[in-house]
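> predicted model, plus sequence, below.
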Amino acid sequence: MKRLSPDALRLALPVLALSVLIISVFIMRPNVMSYNGLHLLFKLGIPIALATLAQMIIMSVNDLDLSMGSFISFVACVTATWLVDAPLIGALMLLGAIATYAALGMVIAWRGLPSIVVTLGMSFVWAGLAVLVLPTPGGTAPGWVASLMSVRPTLMPMGIAGSIIIAVVAHFVIMRSSFGVLIRGVGGNERSVARAGWSVLWARAAAYATAASFAVLAGITLVGLMTSADANIALRYTLLSIAGVILGGGEFTGGRVSAIGAVVGALTLLLAGSFLTFLKVPNDWQIGAQGMILIGILGLRLLLVRLEKRRGRA
Amino acid sequence: MSTLQPIIAVTAAHVRFGEVRALDGVSLAIMPGECIGLVGHNGAGKSTIVNVINGGLRPQEGSLTCDGKDIDWSVGVARAQGLRCVFQELSLCPNLTVIENTRLMHRNLGGWGWRDKARQIIRTSLDRVFPDHGIDPGAQVGALTIAERQMVEIAMSFSDAGIAPRVVILDEPTSSLDAGLAEQLLNHVRRFIAEGGAVILVSHILGEVLSTATRIVVMKDGRTVAERPAGEFTQVSLVDAMGSTARDQTRSTRTGPAGAVVLRQDLPRGLPFVAHKGEVIGLAGLGGHGQTEMLVALYEKHSPSWFPVRDPRAIFVAGDRRLNGTFDLWSILRNMTVASLPDLSRAGMVNRSAEAKRAATWQARIAIRTPDMNNPILSLSGGNQQKVLFARALSTRAPVVLMDDPMRGVDIGTKQEVYDIIRAEAAQGRTFIWYSTEMSEIALCDRVYIFREGVIVADLTGTQITEHAILSASFKGEAA
């Protein structure tokens, strides 16, 4: 028998966690086992999956983006206002935001700054810009976004179908393409990438721009689902996206990430929220309970990593 | 035919790092069809000349020509000219597969289906260098054994993805290969040069160099001290060429029987490590052969891992100050007293005046040149910063001081002052365990352990400590 590769082993855990959660939800609420039930359960799957992938790309070059939530909120505010009223200017604003991310990546690579500090600072900039764009909650979703998000595919609900498509696309970009290899190579051993004659500066810029593109899509789809926006709409996404990447088998350093794992991790976190509601856990305790689930799964991960190490030594 | 023209020629290269002269006018021409063996002890300039050739370092003086033409040399240009380098430390990305690493190493290997191309390229090369290697190109590098990683790295540098390798630099390529694999590699090197390629082989296994190289270059103190066809060298003459001409040192003056054993560490292989009270023990050998690991193991064994204790048994003096020595934002005083705070505090509160008094005593004793001990640590010169680290260690009551090559880049005056203090402290019963890459410092020790490949291979005492003895123990005759 062929031994499972370490990557497959890493993916097994989040898939297992997601299956256990789905089955428990089904047992508690059998009526969820329907098209509409699954639709509601995974409604927010697409934006969360996109945000998690954006964070994963940043983490694959050994950085961390603490501005993810406020950036997505900013994008949502632009989408609900400028993209409706003046689509061209709105699109330019979003492209400018992506270019800003690329520039941040360059500055971080060039000056050797810690990404945590830079993005923490930027999180206030994005939050401020979001309030400037949309001072009070409101706005509307652009028609094409709203209609795209309300498509009801025949086989499975949009939240699931969209997440699968996103996972496959991201898998090709990050795990299969030359570009993805370069980015993960920077995370794995920056020095040897530079020694092979690549520019680490541009590689980081490209990684940041790609991540920002995913985050922009997250913001746009979020507005499509919520039909309006406010400046705090996605603040939770910063920690949610980091947790999703780690849950999906990624590491903070070393360029070890998995696109499919990240999407599975994001959906697991999403489901954990509903699971606790079905368990009738009081609202006050939910965040704490969600944290306990996360710690439990990560504890299992630690055990797996230990096993892996022991096997590596043998 | 241009067989008489060197592929790469370095002429009179000078490289200085601060006060250290790493290269002092070295010339090296690499001809097609030859294997140059490059040997020398620590700090001889081997890695520096390798870095100059691979484009990673630009010499402050001197010129470099490629195929007889002056060229603006850089890592990218060097690779495009067919220069490949296998570094001593692992330079693959452990999170990527062998195929993906191949993609990264060959910039021109893009486009659709690059995975199949890369698989083909690395498999061909692996099959040629190491027949029956049994490595799956789809495997993640992190999941391979160290030997397999090294095989992949070597095969990678001999692989051809459009730009054929012309010069391959192998820096200690056999350090994790067993004898059979090493022989396969050396056979491949001979084939490669027979086909017109060139190889630079850096190795501490002299038998390997003598049997494979066509020409041997011996370096010492940033200079080429001997350069002859390999056939004119023997193992003995090579070791002699690496050493210097009778440079007598102030030898250890300690006499009489050794004190009680204070540390003992049995190693799985080789000689055991034993330290006596009041001894200055040198850890010698080539850099990276297990000396730092030994110090860390000793420290971890004899220091508390959970709760602080009032009487630690060992203290560590770091070699890489910026990495694990100084607290850059703290004052000189704080940097010095941080290791002995339990002695200077009462009920958990630091006694400021006791702290200042202790610092003043040591400032006078070790001559730290500053008007005010409250100045930031970075206001001091490197040598004085290192003295603060010494004072930090010496002002504790720990009976054993572990030193990890702490004199790197320190000027000679400071060194002499610190040597005197070490002698004085040892006379009072302190034990020093001193890893040094400098022969002159090793000569100051009472006893010297020579490390090779993580094992203690020799234990020299008193007059046995000669450069010749250290060199011949550090360099191995035959492959394992």
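All right, it came through fine.

> and chain B, which residues reach chain A?
Residues of chain B that fall close to chain A, judged by Cβ under 8 Å from any Cβ of the partner chain: B:56, B:75-76, B:79-80, B:85, B:87, B:90-96, B:100-101, B:103-107, B:110, B:114-115, B:139-140, B:142-143. Every residue, glycine included, has its C-beta placed from N, CA and C.

> please tell me how far A:Ala146 sits from A:Leu38.
21 Å (Cβ to Cβ, to the nearest Å).

> comparing these two, which residue is more hemmed in?
Neighbours were counted for A:Ala146 and for A:Leu38 using other Cβ atoms under 10 Å in any protein chain shown; A:Leu38 has more, 19 against 15.

> now the strands for the stretch 101-250 of chain B?
B:167-171, B:198-202, B:215-220, B:223-229 (DSSP state E, counting those that start in this stretch).

> farthest residue from the center of chain B?
B:Ala347 (44.5 Å; Cα atoms, centre = their mean).

> if I look at that one, how far off is A:Ile46?
Distance from B:Ala347 to A:Ile46, by Cβ to Cβ: 59 Å.

> and the strands of the stretch 101-250 of chain B as a markdown table, adding mean neighbour count and distance to A:Ile183?
As requested, the strands of the stretch 101-250 of chain B are arranged in a markdown table below (neighbours: other Cβ atoms under 10 Å in any protein chain shown; distance: least, Cβ to Cβ, whole Å):
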| stretch | mean neighbour count | distance to A:Ile183 |
| --- | --- | --- |
| strand B:167-171 | 24 | 28 |
| strand B:198-202 | 25 | 32 |
| strand B:215-220 | 22 | 39 |
| strand B:223-229 | 15 | 42 |
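
> could you redo the ones you listed as TSV and give each row mean pLDDT?
Output for the strands of the stretch 101-250 of chain B, formatted as TSV (pLDDT from 0 to 100):
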stretch	mean pLDDT
strand B:167-171	92
strand B:198-202	93
strand B:215-220	91
strand B:223-229	90
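
> could you point out which of these sits nearest B:Gly429?
strand B:215-220 (37.3 Å; Cβ to Cβ).

> and the closest one, how far out from the chain's middle?
Distance of strand B:215-220 from the chain centroid (Cα atoms, centre = their mean, to the nearest Å) equals 18 Å.

> quick one: A:Gly291 from A:Gly248, how far?
For A:Gly291 relative to A:Gly248 (Cβ to Cβ), the value is 17 Å.

> who's more crowded, the two?
A:Gly248 (30 against 12).

> got a list of what A:Gly273 touches?
Listed by Cβ atoms under 8 Å, 6 or more residues apart in numbering or on different chains, the contact set of A:Gly273 reads A:Gln286, A:Gln290.

> and it, what element?
Here A:Gly273 sits within helix A:259-278, counting by DSSP states H and E.

> which strands and helices sit next to the next helix or strand after that helix?
Once the chain leaves helix A:259-278, the next helix or strand it forms, by DSSP H and E, is helix A:283-313. On a contact count with 3 or more Cβ pairs under 8 Å, 6 or more residues apart in numbering or on different chains; DSSP states H and E, helix A:283-313 meets helix A:6-28, helix A:237-247, helix A:259-278.

> turn the ones you listed into JSON lines, columns for mean pLDDT.
JSON lines is the format used below for the helices and strands packed on helix A:283-313 (pLDDT from 0 to 100):
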{"stretch": "helix A:6-28", "mean pLDDT": "86"}
{"stretch": "helix A:237-247", "mean pLDDT": "92"}
{"stretch": "helix A:259-278", "mean pLDDT": "91"}
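
> among those, which comes closest to B:Asp446?
Once these are compared by Cβ to Cβ, helix A:6-28 is nearest, at 48.3 Å.

> so after that closest one, what's the next helix or strand?
Past helix A:6-28, the next helix or strand by DSSP H and E is helix A:35-41.

> who's in contact with whichever residue of the stretch 101-250 of chain A sits closest to chain B?
Here the residue of the stretch 101-250 of chain A nearest chain B is A:Gly188; by Cβ to the nearest Cβ that distance is 3.1 Å. A:Gly188 makes contacts with A:Gly254, A:Gly255, A:Arg256, B:Cys93, B:Pro94, B:Asn95, B:Leu96, as judged by Cβ under 8 Å, 6+ apart.
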